[in-house]
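**Q** I need the structure of the sequence given here:
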Amino acid sequence: MRTAVSDPIIVVGAGPVGLTCALELARRGVPVRIVDRLAEPTTESRAIMVHARSLEMFERLGLVDELIRNGVRTTAMEMHSDGEVVARIALDLVDSPFPFSVTIAQTETERILTKALDEHGVSVEREVTLTGLTQDEHGVQAVLEHADGRRETVGTGWLVGADGGHSQARKLVGSALAGRFKGEKFLMGDVNADHELDPHSMYTFFSPHQGPLLVFPMEGDRLRLIANIATDDGRTATQEWLQQVVDERAERPIRIRDARWLTVFEVHHAQVPEYRVGRVLLVGDAAHVHSPAGGQGMNTGIQDAHNLAWKLALVHSGQAPATLLDSYHAERHPVGAQVIQFAGTLTRVGTLANPIAQKLRNKGMHLLTSLAPVRQAMADRTEETAVAYRKSPIVVQGRGDGKLHAGDHLPAAGPELRAALAAVHDHVLLTVAANGTAPAPLPGTTARQLLVGAAATAPTGYDAVFQDPDGLAAARYGLPNGGRIMVRPDGYVAAIAPLDENTPLHKYQALLQA
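**A** Alright, predicted model coming up:
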């Protein structure tokens, strides 16, 4: 089968992950269709936490201010047991311009993304189900069934499966989740309640006789309540049952007035062996599933989409070889594995049944979290600011790299420079002239070139120049003698080189053209 550059990429699934992927493609001028089997967007609040690294991503999409405005800043997480706070982790420890999470209903996140996608001329095609899929080295033939029963066979160069834990795209390519399938069950409610909890903290209450209770304050008097349950015996989620669980486990008074959404669900810990199957790319819950502990699911998924979309745009337009997409699996599969391990560990720690083990957990957690490095590590893991791709096949280490390595996310170095970097859709070559005269722009690159330096004047040819008389950027990037940093469209460092050695930069460019 043959496909043309004009054939739209198909994104299956219009949750936050699929919407992010479609938006990233559309704003790069890539034709895209996004389809979803639901007649209307979900009215269920579902995933509610947007962490720091995801907020940095939303800044690149131009949506972070609206997201923050419509949510609640969460700046700490607390763990309680036996009437005591056994651990408190301040999230402002993380190195991010957004040192907090935003608690916001998934319905709002989807609304914000959908509005932005509409502004790029792309609308979600609803009541459209992927029912068939074949592919070869040239493209994909997808069968789409519409609400009226009409079947449409459409050709596309690439198909993105963002259709959730029961992914049809995953099934049709013959892939399957692999992992631990002894499911964990949860009772969850999105409620309005009377309480005196700090609205800027999230809470875990460890119960000595039942499982843990997770509490996430939202806007106003709204709370998200998630309780691990041993079994539901087929029970339907009710407000009365949830109130009983809250009364048994919460160590702060919470009185539910009314429930917006109640459900019982089961979660496994698993992921697919390959995120790329030929010309089909799996993202989000289609690629990995795990418990809600840590609130990592949606964040991991939208970061999957952000990682994939810029690469897919380059490949689709013929600016990079299809092998570039292999780096999507190489970079994101290990992240998925780490998230599964993290969520699984939190769940196991929270569900200890032995009283002695519980007391050891509480004492150990209190002792460990009194150590600054442990608090830092927990904040970084929760906010996903520790995610890096140093072992990626498409990053190039340069001579004399300091604290910043190729594969790391570029740290912020002043609001003006950060805004300039976030506004660029494509690669940026950042030249840091720490001492003396700034060098001329690097020839032979299509990246947008920015200069940061102390000198009042700069060579011609740079797209923008930023004054840094105190050398703050050089110190921030660990480049006391200056250097050049190739920044990927997703904000990660592709290559670093000293000013007298451009080989790493050329090697990276060659990787994109191989």
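**Q** What residues of the longest helix along the chain count as buried?
**A** Criterion DSSP state H: the longest helix present in the chain is helix 326-350. Buried residues in helix 326-350, counted by 16 or more other Cβ atoms under 10 Å: 326-333, 335-336, 338-340, 342-344, 346-347, 349-350. Quick note: C-beta positions are derived from backbone N, CA and C, even for glycine.
**Q** Show me which residues of stretch 158-178 are buried.
**A** 158-165, 167-170, 172-173, 175, 177.
**Q** Ok, stretch 201-210 next?
**A** Buried residues in stretch 201-210, counted by 16+ other Cβ under 10 Å: 201-207, 210.
**Q** Filter those down to the ones in strands?
**A** Under the assignment DSSP state E, the buried residues of stretch 201-210 contribute 201-206 to strands.
**Q** possible to save the residues you listed as a markdown table with pLDDT and distance to E184?
**A** Below are those laid out as a markdown table (pLDDT from 0 to 100; distance: Cβ to Cβ, whole Å):
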| residue | pLDDT | distance to E184 |
| --- | --- | --- |
| S201 | 96 | 24 |
| M202 | 95 | 19 |
| Y203 | 95 | 19 |
| T204 | 93 | 15 |
| F205 | 93 | 17 |
| F206 | 89 | 16 |
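**Q** in the protein, which spans are helices?
**A** Counting by DSSP H, the helices of the chain are 16-26, 52-60, 64-69, 106-119, 168-172, 239-249, 297-316, 326-350, 355-368, 372-383, 415-423, 472-476, 503-513.
**Q** can you give me how far the second one is from the chain middle?
**A** Using Cα atoms, centre = their mean, to the nearest Å, the distance from the centre of helix 52-60 to the centre of the chain it belongs to is 8 Å.
**Q** Now that helix - C-alpha only, CSV.
**A** Provided in CSV are the C-alpha atoms of helix 52-60 (Å, rounded to 0.1, in the frame of the first residue of the first chain):
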residue,chain,number,x,y,z
ALA,A,52,5.6,19.7,37.2
ARG,A,53,7.2,18.1,34.1
SER,A,54,3.8,17.9,32.4
LEU,A,55,3.2,21.6,33.2
GLU,A,56,6.5,22.4,31.5
MET,A,57,5.1,20.5,28.5
PHE,A,58,1.9,22.4,28.6
GLU,A,59,3.9,25.7,28.7
ARG,A,60,5.4,24.6,25.3
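**Q** tell me the angle that helix makes with helix 106-119.
**A** Using axes from the mean of the first three to the mean of the last three Cα atoms, to 10 degrees, the inter-axis angle of helix 52-60 relative to helix 106-119 is 30 degrees.
**Q** Next, the distance between the ends of stretch 217-234.
**A** Counting by Cα to Cα, to the nearest Å, you get 28 Å between the two ends of stretch 217-234.
**Q** Show me which positions of that stretch end up buried.
**A** Buried residues in stretch 217-234 (16+ other Cβ under 10 Å): 217-218, 222-229.
**Q** tell me which of those is nearest to S291?
**A** Distance to S291 across the buried residues of stretch 217-234 (Cβ to Cβ) is lowest for N228, with 8.2 Å.
**Q** where does that closest one sit relative to V289, distance-wise?
**A** The gap separating N228 from V289 is 16 Å, by Cβ to Cβ, to the nearest Å.
**Q** Beta-bridge partners for the nearest residue to T369 once chain neighbours are set aside, please?
**A** The shortest distance from T369 to any non-neighbouring residue, by Cβ to Cβ, 6 or more residues apart in numbering, is to A87 (4.1 Å). Applying DSSP bridges to A87 gives these bridge partners: M79.
**Q** Point out where the protein drops to low pLDDT.
**A** Counting by pLDDT under 70, the ranges of the chain that qualify are 1-5, 180-183, 231-233, 294, 399-402, 436, 456, 514.
**Q** Touching, V35 and I9? I think so.
**A** No. Using Cβ atoms under 8 Å as the test, V35 is too far from I9 to be in contact (11.6 Å).
**Q** on that earlier part again, in strands only, show me the buried residues of stretch 158-178.
**A** Under the assignment DSSP E, the buried residues of stretch 158-178 contribute 159-161 to strands.
**Q** quick one: which of the buried residues of stretch 217-234 is nearest to K363?
**A** Proximity to K363 was ranked across the buried residues of stretch 217-234 by Cβ to Cβ; first place goes to N228, at 21.7 Å.
**Q** Of the buried residues of stretch 201-210, which is the nearest to V315?
**A** So of these, ranked by how close each gets to V315 (Cβ to Cβ), first place is M202, at 38.9 Å.
**Q** beta partners for the closest one?
**A** M77.
**Q** same thing with the one 4 residues further on?
**A** Using DSSP bridges, the bridge partners assigned to F206 are S81.
**Q** which residues touch it?
**A** The contact partners of F206, taken as Cβ atoms under 8 Å, 6 or more residues apart in numbering, are 79-81, 86, 212, 350, 358, 361-362.
**Q** From H366, how far off is it?
**A** 12 Å.
**Q** rewinding a little: take the ones in strands among the buried residues of stretch 201-210 and write them to a markdown table, including distance to V280.
**A** A markdown table is the format used below for these (distance: Cβ to Cβ, whole Å):
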| residue | distance to V280 |
| --- | --- |
| S201 | 41 |
| M202 | 36 |
| Y203 | 40 |
| T204 | 37 |
| F205 | 42 |
| F206 | 42 |
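**Q** Which one of those is nearest to V424?
**A** Using Cβ to Cβ, M202 comes nearest to V424 of these, at 33.6 Å.
**Q** How many residues are close by the spatially closest residue to R255 that is not a sequence neighbour?
**A** Take R255 and drop its neighbours on the chain: the residue closest to it by Cβ to Cβ, 6+ apart is D194, 4.5 Å away. Neighbour count for D194, taken as other Cβ atoms under 10 Å: 11.
**Q** how close does D194 get to T20?
**A** Applying Cβ to Cβ, the value for D194 to T20 is 36 Å.
**Q** do R151 as well
**A** Distance of R151 to T20, computed by Cβ to Cβ: 28 Å.
**Q** cool, P199 as well?
**A** Using Cβ to Cβ, P199 is found at 27 Å from T20.
**Q** ok, these two, which is more surrounded?
**A** T20 (32 against 17).
**Q** Can you report how many residues neighbour the spatially closest residue to the more buried one that is not a sequence neighbour?
**A** Distance criterion Cβ to Cβ, 6+ apart; nearest residue to T20, sequence neighbours excluded, is A305 at 4.1 Å. For A305, the count of nearby residues is 27 (other Cβ under 10 Å).
**Q** again, but for A420
**A** There are 18 residues near A420, going by other Cβ under 10 Å.
**Q** Next, the contact list for it, please.
**A** 450, 464, 466 are the contacts of A420 under Cβ under 8 Å, 6+ apart.
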